[in-house]
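Q: Provided below for reference: sequence and predicted model.
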Protein chains: 2
Amino acid sequence: MHNRCMIDPRLITLRVFARCGTVGATAELTGFSPSAVSAQLRELQRVLGMQLLTKDGRGVRLTATGRFLVAGSDALIAQWESLRAAALEAGDQVQSNFGLGGFSTAAAQLLAPLAATLRSTRPLLKVQVLEAEPARCFDLLVAERIDLAVVVAMQSDVHSDAHVEDDPRFEQTVLLDDPLDVIIPSDHPLASRETVTLDELASEPWITEAAGSTYHSLFTAAFTAVGATPRIAHEAVEWETLIAFVGAGLGVGLLPRLAPLHGAENVVRMRITGRGKPSRRIVAAVRRGSIASPLIQESLGILQVRADRILTARPDDDR
Amino acid sequence: MHNRCMIDPRLITLRVFARCGTVGATAELTGFSPSAVSAQLRELQRVLGMQLLTKDGRGVRLTATGRFLVAGSDALIAQWESLRAAALEAGDQVQSNFGLGGFSTAAAQLLAPLAATLRSTRPLLKVQVLEAEPARCFDLLVAERIDLAVVVAMQSDVHSDAHVEDDPRFEQTVLLDDPLDVIIPSDHPLASRETVTLDELASEPWITEAAGSTYHSLFTAAFTAVGATPRIAHEAVEWETLIAFVGAGLGVGLLPRLAPLHGAENVVRMRITGRGKPSRRIVAAVRRGSIASPLIQESLGILQVRADRILTARPDDDR
DNA sequence: ATAACAGTGCACAATAGGTGCATGATCGAT
DNA sequence: ATCGATCATGCACCTATTGTGCACTGTTAT
């Protein structure tokens, strides 16, 4: 992953800094120490003869020049990625390092099989998989730590101030729409049903993720679509916890189709039909320009096949 | 000069190699040792996962992929230069290192004053001047050893297979047309004249530079324009030598207006009028994209002023 | 006031990257 | 064929860039 980029790593660091705003966070994201980041940025300014940073309180801030440079660097990076992809394609050759990133379920269900496939078909390719939250995945892409990320598409909701879909730094392709199923206790009156609608569930006590998380906004969006206001009884972070809560009869919850139940007791998984059928859109994101790379193309193909298989494995899926 | 470029220096090395074809020459031009160049190129291939070179006899040759990459890198470099220039301009800041290159007379008459001016107006700017032949100047630009070169424009003659004027790697601006004067012995019948035409000189024994040199082709071009075939009696390399030859009565020669006689004995310098008036076009060349840089702009301005002053210093100039 | 936090300078350490020389391989000349 | 010249490359060694860990300063929040 590191240094296969022809762009000066210090400029990459600057870009990461532009994204997260503090030296410490930049250090964490790039894998350097804060001192190293500080030194890199100082050296960058010296070499370029530009003042890129100013002190701002106890932190530092980009100057106008710095912002300008970062903004312009998008196109530069994209052009390099494009060139590299074209050269690889033209020469029918393959890159030697490949970094993958994705959030938990994606990592397990999509990235792991992809990595396995690549490992067998391209023995000399070094694949590295990183599990990380969607937002962090984009950061890791910018930081050149990974080359491809599987994330849930931001619904360009109230929260996301910037539209990630047309970010000039990334290109995204839809892999699948992962429907959200409902998990209810086995002894619940609705447990024997084949499918259920959101309206029927509106009055149930709900278990969700903490407010502000990606899934929480998905959750509220689904219910506002049908005009209901569900009662949130409990909050969980891990799927495991949510399933356990439901199993204990504390309420019902939404679980992505991709997330496995693996033998959880006292709960049933049920399809949701009708209006406001919730789903999360899972997309693959790469740095702009790199999408033409043969390895990226092959990976996207493998992911697509895998995604389709996951969906068609449940023949009664009504998405 | 070194490493103010955000593009990986190994890619720069590859570009230089693409230009000169051998590791040794690349080493000489970049200032590295041959081992270093070899190691750099090997590392580049490893990092990119591309085979860029193949053995070819006792040397190495670019593969198709390598040529592709080099060709595409032109645009990448240009974009970086452009971005840097724009950022410098936007932030009203100046770069800290500046490399100048030019051939002998240009270096003395144009670059030296420019360097002096910059040194006084920008005390903290490190200026480095390299004297080098025009062809080498372009190489040095590619190698990022210099940022601005003053060269005689290739007349896109028979010799130059590739048109340098529209090379995607460079941008050129005309500084001045340096007329060629004739140097004749003081005791020559024509020595008392104010001006002379090429026709009148056609039958003289001529002293030129070695065949194949830039000036030699200029020389022949001038005479073919008037339909004459001058007799070449002697060849010199340095202007000093040519002047000495003429002073010794061995023949007559052409000397650029820019080249000073400084007190040479037994010779007179004389304007040439009429058809086929020979001159060499002197241009400033920079890497494409960098022309918008404020420092480049200022330098071009200074050079232009200096060039105009040189021409107008001889008020009877009839160019 | 005090604690927590952000960034930076410094001594030290690791390591990337350079040089110089020796080696192997190829071509052109005798 | 043989020899020398030319090129590239591998290796041992070295240097100097670059990263780490820690201490220190300045700033904000409690």
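A: Received it, and whenever you're ready, just let me know what you need.

Q: chain center to stretch A:35-53: distance?
A: With Cα atoms, centre = their mean, to the nearest Å as the basis, stretch A:35-53 stands 31 Å off its chain's centre.

Q: what about it, near chain B?
A: Yes: using Cβ under 8 Å from any Cβ of the partner chain, stretch A:35-53 reaches chain B at A:R46, A:V47, A:L48, A:G49, A:M50, A:Q51. To be clear about C-beta, it is placed using only N, CA and C from the backbone, and glycine gets the same treatment.

Q: Going through the residues you listed, which ones are buried?
A: Using 16 or more other Cβ atoms under 10 Å in any protein chain shown as the burial test, these include A:V47, A:L48, A:G49, A:M50 as buried.

Q: which secondary structure element contains the single nearest residue of the stretch 151-300 of chain A relative to chain B?
A: When scored by Cβ to the nearest Cβ, the stretch 151-300 of chain A has A:L295 as its residue closest to chain B, at 8.9 Å. Under the criterion of DSSP states H and E, A:L295 resides in helix A:294-312.

Q: Contacts for that helix, please.
A: A:85, A:88-89, A:92, A:94-95, A:98, A:100, A:109-110, A:113-114, A:117-118, A:125, A:147-148, A:150, A:173, A:175-176, A:257-258, A:282, A:284, A:286, A:290-291, A:317, A:319 (Cβ atoms under 8 Å, 6 or more residues apart in numbering or on different chains).

Q: Then stretch A:248-255?
A: A:180-185, A:187-188, A:201, A:204-208, A:215, A:218-219, A:222, A:233-234, A:236, A:239, A:242-243, A:245-246, A:261, A:266, A:269, A:278.

Q: one more time with 7 Å, if that's ok
A: Defining contact as Cβ atoms under 7 Å, 6 or more residues apart in numbering or on different chains, one finds that stretch A:248-255 is touched by A:180-185, A:201, A:204-208, A:219, A:233-234, A:239, A:242, A:245-246, A:269, A:278.

Q: Make a ChimeraX selection of the buried ones in those.
A: Under the burial definition 16+ other Cβ under 10 Å, those of the contacts of stretch A:248-255 that qualify are selected in ChimeraX by:
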select /A:180,181,182,183,184,185,201,204,206,207,208,219,234,239,242,245,246,269,278
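
Q: Select from the contacts of stretch A:248-255 every entry located in strands.
A: A:180-185, A:205-208, A:233-234, A:269 (DSSP state E).

Q: could you dump those to TSV with distance to A:P34?
A: Output for these, formatted as TSV (distance: Cβ to Cβ, whole Å):
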residue	distance to A:P34
A:L180	40
A:D181	44
A:V182	45
A:I183	43
A:I184	48
A:P185	49
A:P205	45
A:W206	41
A:I207	39
A:T208	36
A:A233	42
A:H234	38
A:R269	46
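
Q: TSV please, covering the residues you listed and showing distance to chain B and pLDDT.
A: Below are those laid out as TSV (distance: Cβ to the nearest Cβ, whole Å; pLDDT from 0 to 100):
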residue	distance to chain B	pLDDT
A:L180	40	87
A:D181	42	89
A:V182	46	92
A:I183	45	92
A:I184	50	93
A:P185	53	93
A:P205	54	91
A:W206	49	91
A:I207	47	90
A:T208	44	88
A:A233	53	85
A:H234	49	88
A:R269	43	92
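
Q: Using the three-state scheme, assign A:D178.
A: Secondary structure assignment for A:D178 (DSSP: H, G, I helix; E, B strand; the rest coil): strand.

Q: I figured it hits A:L258, correct?
A: Yes: A:D178 lies in contact with A:L258 (Cβ atoms under 7 Å); the separation is 5.0 Å.

Q: Quickly list what's touching both of those two.
A: Applying Cβ under 7 Å, 6+ apart, one finds that no residue jointly contacts A:D178 and A:L258.

Q: And A:P205, how far from A:H234?
A: According to Cβ to Cβ, to the nearest Å, A:P205 stands 8 Å off from A:H234.

Q: how much distance is there from the helix holding A:L295 to the middle of the chain?
A: For helix A:294-312, the distance to the chain centre is 16 Å (Cα atoms, centre = their mean).

Q: And it, what's buried?
A: A:294-296, A:298-300, A:302-304, A:306-307, A:310-311.

Q: Could you do stretch A:94-107 as well?
A: A:94-103, A:105-107.

Q: Return the residues of chain A in contact with chain B.
A: With Cβ under 7 Å from any Cβ of the partner chain as the criterion, chain A meets chain B at residues A:3-4, A:6-8, A:11, A:47-51, A:63-65, A:68-69, A:72-73, A:75-76, A:79-80, A:83-84, A:86-88, A:90-91, A:93-96.

Q: picking up where we left off before, got a quick PyMOL command for the buried subset of the contacts of helix A:294-312?
A: Provided next is the PyMOL selection string for whichever of the contacts of helix A:294-312 are buried by 16+ other Cβ under 10 Å:
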select buried, chain A and resi 85+88+89+94+95+98+100+109+110+113+114+117+118+125+147+148+150+175+176+257+258+282+284+286+290+291
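
Q: Filter the contacts of helix A:294-312 down to the ones in strands?
A: Reading strands off those with DSSP E, I get A:F98, A:L100, A:L148, A:V150, A:T173, A:L175, A:L176, A:I282, A:A284, A:V286.

Q: what's the closest of those residues to DNA strand C?
A: Distance to DNA strand C across the ones in strands among the contacts of helix A:294-312 (Cβ to the nearest atom of the strand) is lowest for A:F98, with 19.6 Å.
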